[in-house]
Every structure is written in structure tokens, then in C-alpha cells.
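Engineer: build me a model from this:
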Amino acid sequence: MRQTPIYFYSSKSGMARQFALALKRPVFDLTDRAVRTSVPDGPWVLLTPSYKTGNADNDTVPEPVKRFLRDPAVRRKMVGIMGSGNRNFGAHYQAAARQIANISGRPMLFEFELQGTQWDVEDARAILEELDRQLAHAHGEEPAKQSIA
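Structural biologist: As a prediction, the model looks like this:
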């Protein structure tokens, strides 16, 4: 069964990268221009942090994520979003991921704070494994066992 890959952006802190790598599935770093200008070969999930800019009118979506999502072929294949944030940002917590989910009509699959905990990683893995099953079922590869809540 195909593992749905994660396309992620991580700042210099590396917290989103750390989480993405802990998921133990194909991951692609949007700071890499070659990745950012590619088109996924099938369904994929976005993992993006949100940043408080200090101005409520400023966009919190990282620029490499915006560039990647400009391509309609890329957007069509996106099946969900995961967000990393900092609760100290208040109303801006998960703002980028939630904004992308709202605009794209794709579900927020998982949210975590900073680099996440081991339990966050386990929960996210379970969600992604269920997503893999649902996508396989949709393509006639095997029966679905559960549905994503």
C-alpha cells in the first residue's frame, strides 16, 4: 500500500522537519527549490508551521508553501493539512494550516505544538495510516477498515 507523502516547510529551528521525519514515511522539504517546483505523483499531505507576524493583517503562510501551492496540479493532489504552531501566538495558533484548509476545502488532519510530543507523532502516524487505507480503498486496492473522523 502506498504511503501518502508529506511535503513540509520548516524554518531554521527545524521543529516541523523533526516532526515530519519522525512520521517514517516519504517526506519532501519545500525549502528545496527542486521539490517546490515539482508536482507530486499522487495524493499528498502538507505540513506547515504558522508564524505570528505581529500584524493581524499579515499572512502567516510561509512563502515556500505559497509558491508550491500556486500550481493547480499540486493543489488538486493535496488531500489534507497538518499544522505546527505555538500556543503563545493566541489567535494566530495554526493560522496558516487552518487558512489553507479553509481555502482549499481539504481537511485539517492534525495539529501539534512546536516539534510535537512522542504521542503527537504516534497519533499523526495513525491518522496517516488510516488515510493511506482510505486512499487505497478509493483506488480499489483493498477494503477500507475505518473512516477518518
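
Engineer: can you pull the pLDDT of Lys145?
Structural biologist: At Lys145, the pLDDT value in this model is 58.

Engineer: no, scratch that, I was asking about Ala20
Structural biologist: Value listed for Ala20 in the pLDDT field: 96.

Engineer: what's the longest helix in the protein?
Structural biologist: helix 118-138 (DSSP state H).

Engineer: mean confidence score for that helix?
Structural biologist: Mean predicted confidence for helix 118-138 is 96.

Engineer: do the same with stretch 95-111
Structural biologist: Mean predicted lDDT for stretch 95-111 stands at 95.

Engineer: ok now that stretch, how far from the chain's centre?
Structural biologist: 9 Å (C-alpha atoms, centre = their mean, to the nearest Å).

Engineer: what's in contact with that stretch?
Structural biologist: 45-46, 48-51, 59-62, 65, 69, 75, 78-85, 89, 94, 120, 123-124, 127-128, 131, 148 (C-beta atoms under 8 Å, 6 or more residues apart in numbering). (C-beta placed from N, C-alpha, C; glycine too.)

Engineer: buried members of those residues into ChimeraX, please.
Structural biologist: Selection of buried members from these for ChimeraX, criterion 16 or more other C-beta atoms under 10 Å:
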select :45,46,48,49,50,51,60,61,62,65,69,78,79,80,81,82,83,84,85,94,120,124,127,128,131
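
Engineer: of the contacts of stretch 95-111, which belong to strands?
Structural biologist: Under the assignment DSSP state E, these contribute 45-46, 48-49, 78-85 to strands.

Engineer: lowest-confidence one in those?
Structural biologist: Minimum pLDDT across those falls on Gly85, with 87.
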